[in-house]
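Student: Provide a 3D model corresponding to the input given below.
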Amino acid sequence: MLSRIVLTGICLVGLHFSGIVAQATDDGVKLAISPQGPLNKASGENVYLRCALVPELAKTAVTDIRWQDPRGDLISGSTREGDRIYSQTSDTASTQLFIMKLQKEDAGDYVCYANFPGHEQLRSTITIDVYQDIEFVDAPAVQNPVSGELGKITCEVSGNPAPQVDWLRDGTELDTSGGRYKVDTDGLYITGINVEDDGEYTCRAVVAANGGLKSQKIKVEVHNKPEFTVDEEPQNVRGIEQKTVAMKCGVTGRPVPEITWVFLQSNSEDNGKDVTKIEDEQRTSHHTVDPVTGTMTINDLQKRHQGDYKCMAKNPAGIIEKIASLFVAEIPRFDIVSNTTESEGGSATLQCTARGDPAPTLQYTKEGQLQSFVAGADPRITVREKERELTLTINQLTREDDGLYVCVASNEAGTAEKSSHVTVKFKPSFQNTPMHVAKTWLDNKIAVNLTCIAESIPNATIRWEKKQRNEMHGAPFLLITENSPNIVIEQRGPSSSLLISPKTIDDFGVFECIAANEMGEARHIITLYEATAPGPITLVEFAEITANSIRFNIDGPNEPNNLDLDSYEVYYHEAGDSMDTAIKRLWPIGTPYTLENLKPRHSYFFRFYAKNAVGLSINSRDFERTMPDVGPPRPPGYIPPTNESIDANRYRLQWTEAEDNGARILDYQVKYWKDGEKDKFRVVTVPAPASHTILSGLSPSTRYYYELTARNERGIGPAMNNTFTTAHDFS
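Tutor: Sure thing, here's the model as predicted:
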C-alpha cells in the first residue's frame, strides 16, 4: 500500500496506472505540493500552489486530481470573472491552485487528493496562515484636541498578530507609565492638555512575531474654546438716529473664532438673520462686522435697527454667544406748530407738539432772545406743558410781541427747532420816520424827497395832504394826487415818498402823511422849507499861530431851517495889496482850517465866507494879523500805540512831524529811560524828515518814559512827553 503524505494545503489527485506504472510505483506513489508549507502570508497577497503526482510515471493509474478548501468544499476549476479562489488542471499528473488577494478567512488546511484504484485515496495537505499587516485604521495626520479637557490623540491600529504601540513627541519617546500620559487601544490620552502640548507626535506600532514596524506622524495643535475678552464682551448700547454705533464682541480662541452677529426681533422680517445679510428698501446694508475685532458697526441708524443682537463666536473647539440690546434714540420731530394773528392788547396762543424717543423736552424762545419762556417769569405769559406738548399764551399783546417764536425739542438724540409766527395787528405808527424837516430851493434841478414810513399790521394805505397857505380860500389841507403840479408820488410797501421840485413859493409848506388800516389811523407832518444861501460867519478865532502858518476856529451862522454848510472859504492878501489879488482857500466843513506858507513878520488881511448848496454867504469883515518871527519848531504830534513792539527788546516809536515854525527841521531827538531810572537815560537822534524810529536794547515787559523834540535852524522846540511798554519775552 502507498503511504499517505500530509502537507500544508490539500491537493486531491486521481491516479490511473497502466500495468507498468503500477508496478513501478506501488511503494512510493504520492502527491507533492509546492511550495512546501506551512505558508505564512500577509493579507492581500496572492498565493500560487501546485500539486503533482510522484512519480509522474504513475499518472496513468491515478484519476481526478483536485483541491479542497479548509471548509471541506471542493475548489472549482472555474475561471469566472470575480472568482478569487480557483484551480486549474493541465494534465492528469498535476493541478494548480490560485488564491487572489488573500483574506483572513482564507487561512487553514488546503487538501490535494486523487483516486488511486485499488489503493487508498492519495492526499496531501498544506497549511496557510494569514497574517494582517500593521494598519492605521484611524490616525489623522493633523489633530486638534481642546485645551483644558482630557486630550486625546487618536491612533487606532489593527494587525494580526496585534501590534504593540508606543509614542514619541518631537522625536523623543514619551513615558506613558504614569503621570499625564496614558496609552489606550484608540490613542494617547493627555490629562489637562494645553497649548504647551503642541508638537509632532509619532504613533509607532510593532509586531515582534514577524518584525513588523510602522509609524504615523501626527501634528498636534491644541485648540482653545472661544472666550469673551475683558471689557469687550457684548454690552447694551444706546445709539442716536442717523448716527453710527458700534457694539463690541471681542473674543479669544484657537484657532481665531469666526464671529457672527444675528438680529433678534420677533416682530421684524429680519428676525434671526445674519446682520450682514440685512438690507433696506434701497438694498443698502447698514451693518458691518470687523472680522478681526468682532465689532459690529451700524451706519445711519434707524429706529428699526433697535432690538436684541446676538454675537456668536465659533471655532472647532466650541461656540459661545451673548445677547446685547441696542436702543436707538429717535430725533425729535414736530407734529403741530401753530401760527396766530391777534390784535394789539389781545391774547395769542401758540401750540407745539413733537415726538421722539425718549420723549423730547419742549421750550419756546423768541427769535433773537437767548432765554426761553418759563412759567411765572412774566405775568403776561403763561406756559403749559404736557408730555410731547407745549402751549404758550401771551396776554396784553404789544407790538414788540410780534415775530417768530421757536419751539425747541430736545432729547439725547439731538435738538430740533420749528418756528411759528405771532402776528400782532396794530394801527399805523410813524415811530421810525425820522424826517420832520426838509429843505430845498426854487429851481433846484434835484427834487427833494419827503418820505414817511408807516409801520402797521395789516399794511396801511397812505395818502398825502398839504396845508394851505391861505385857509380862507378853501379847506385847510389839500389832498395830493398824481396830478398835483411839481410833485411825484412813490410808494414802496410801508414807505411813501413825495419828490418835489418847487417852482413857486407855494410849493413849500407843511405836508402831512396819513396812514390808515383796520386798526386805526396815524398822521405825520414834514415841513418843507425854502433854503437860501447862508448868513455871514459870526466868529473867527486865530487859534494857533506859527511864523508861517495859522489855524482858525470858525463859527458859521445859526440857521436850523436852512441847508447845512458845505465849506468855508477864505480870501487873504498881504498888507498893501487888495482883495482883487487875494489868494482863495476852501476848507470842507469839519477839516482843520489851516493856512500854511505864510511869510514871517508880514501882515495879512483875511475875508471869510460860508457856503451851502444854494451858494455863498455875504462876506465877513476883514481880519488883520502880523505873522511872528521865525522860531524853534512846535512839538511833534503824538500817535497812540497799537502793537508797536517788534519783539521783547525792540520798540517802534512813531509821531507826526512837527510844524517847522518858519525854519526847516533838521532832526528829531528821542530821550528815553526806564521807569524810575531817569538818570540813566539814552538819546537817539533821527535826521529829518522822519516820523518814526526803532529803539533797541530794551528790557522785556518794561515801562519806558520818553521826551521827543524837534530841532530847526532856530533851536529845539518844546518836547512831547509820553510812555511805552515793551512786549513780554515768551522764549
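
Student: Against which helices or strands is the longest strand seen in the chain packed?
Tutor: Ranked by residue count and defined by DSSP state E, the top strand of the chain is strand 318-337. Counting contacts by 3 or more C-beta pairs under 8 Å, 6 or more residues apart in numbering; DSSP states H and E, strand 318-337 is packed against strand 224-228, strand 237-240, strand 245-247, strand 307-315, strand 348-357, strand 403-411, strand 414-429. In this view, the C-beta of every residue, glycine as well, is placed from N, C-alpha and C.

Student: buried stuff in stretch 173-181?
Tutor: By neighbour count on 16 or more other C-beta atoms under 10 Å, the buried set for stretch 173-181 is L174, T176, Y181.

Student: I'd like the average pLDDT over stretch 87-103.
Tutor: Averaged over stretch 87-103, pLDDT sits at 88.

Student: So that it lines up with my notes, have the first residue be 37 from now on.
Tutor: Yep, numbering from 37; the last one is stretch 123-139 now.

Student: first to last residue in it, what's the distance?
Tutor: Stretch 123-139 has an end-to-end distance of 17 Å (C-alpha to C-alpha, to the nearest Å).

Student: just to revisit the earlier point, the following helix or strand past the longest strand of the chain packs against which elements?
Tutor: Using DSSP states H and E, the helix or strand that follows strand 354-373 towards the C-terminus is strand 376-379. With contacts defined as 3+ C-beta pairs under 8 Å, 6+ apart, strand 376-379 has these neighbours: strand 384-393, strand 450-465.

Student: re the thing from before, using CSV, lay out the helices and strands packed on strand 354-373 together with distance to L535 and mean pLDDT.
Tutor: Shown next, in CSV, are the helices and strands packed on strand 354-373 (distance: least, C-beta to C-beta, whole Å; pLDDT from 0 to 100):
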stretch, distance to L535, mean pLDDT
strand 260-264, 86, 95
strand 273-276, 60, 95
strand 281-283, 67, 95
strand 343-351, 73, 95
strand 384-393, 40, 94
strand 439-447, 33, 95
strand 450-465, 22, 94
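
Student: CSV for those, including mean neighbour count?
Tutor: Output for the helices and strands packed on strand 354-373, formatted as CSV (neighbours: other C-beta atoms under 10 Å):
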stretch, mean neighbour count
strand 260-264, 19
strand 273-276, 17
strand 281-283, 18
strand 343-351, 20
strand 384-393, 19
strand 439-447, 20
strand 450-465, 18
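
Student: Turn those strands into a markdown table, columns for distance to K620.
Tutor: Converted to a markdown table, the helices and strands packed on strand 354-373 look like this (distance: least, C-beta to C-beta, whole Å):
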| stretch | distance to K620 |
| --- | --- |
| strand 260-264 | 99 |
| strand 273-276 | 78 |
| strand 281-283 | 83 |
| strand 343-351 | 93 |
| strand 384-393 | 66 |
| strand 439-447 | 57 |
| strand 450-465 | 50 |
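
Student: closest one to P736 among those strands?
Tutor: With C-beta to C-beta as the criterion, P736 lies closest to strand 450-465 of the helices and strands packed on strand 354-373, at 48.4 Å.

Student: Packing partners of that closest one?
Tutor: On a contact count with 3+ C-beta pairs under 8 Å, 6+ apart, strand 450-465 meets strand 354-373, strand 376-379, strand 384-393, strand 439-447, strand 491-493, strand 545-553, strand 556-566.

Student: next SSE after that strand?
Tutor: Remark: after strand 450-465, the chain's next helix or strand is strand 473-476, criterion DSSP H and E.

Student: Buried residues of the helix or strand just after that next one, list them for me.
Tutor: The helix or strand immediately downstream of strand 473-476 is strand 484-489, counting by DSSP H and E. Neighbour counts over strand 484-489 (16+ other C-beta under 10 Å) mark V484, L486, T487, C488, I489 as buried.

Student: Local confidence estimate at the last one?
Tutor: So the one you mean is I489. pLDDT for I489: 96.

Student: Verify the contact between it and N495 for me.
Tutor: No: with contacts counted by C-beta atoms under 8 Å, I489 stays clear of N495, the gap being 11.9 Å.

Student: Check the contact lists of these two and give me the overlap.
Tutor: Contact with both I489 and N495 is made by residues P530, according to C-beta atoms under 8 Å, 6 or more residues apart in numbering.

Student: Tell me where the stretch 37-186 of the chain has strands.
Tutor: Ranges of strands in the stretch 37-186 of the chain, per DSSP state E, counting those that start in this stretch, are 44-52, 66-70, 75-78, 83-90, 97-104, 121-127, 130-135, 144-151, 158-174, 178-179.

Student: contacting residues around the shortest one?
Tutor: Outside strand 178-179, the residues within contact range by C-beta under 8 Å, 6+ apart are I189, T190, I254, K255, V256, E257.

Student: let's see 7 Å
Tutor: By C-beta atoms under 7 Å, 6 or more residues apart in numbering, the surrounding residues in contact with strand 178-179 are I189, T190, I254, K255, V256.
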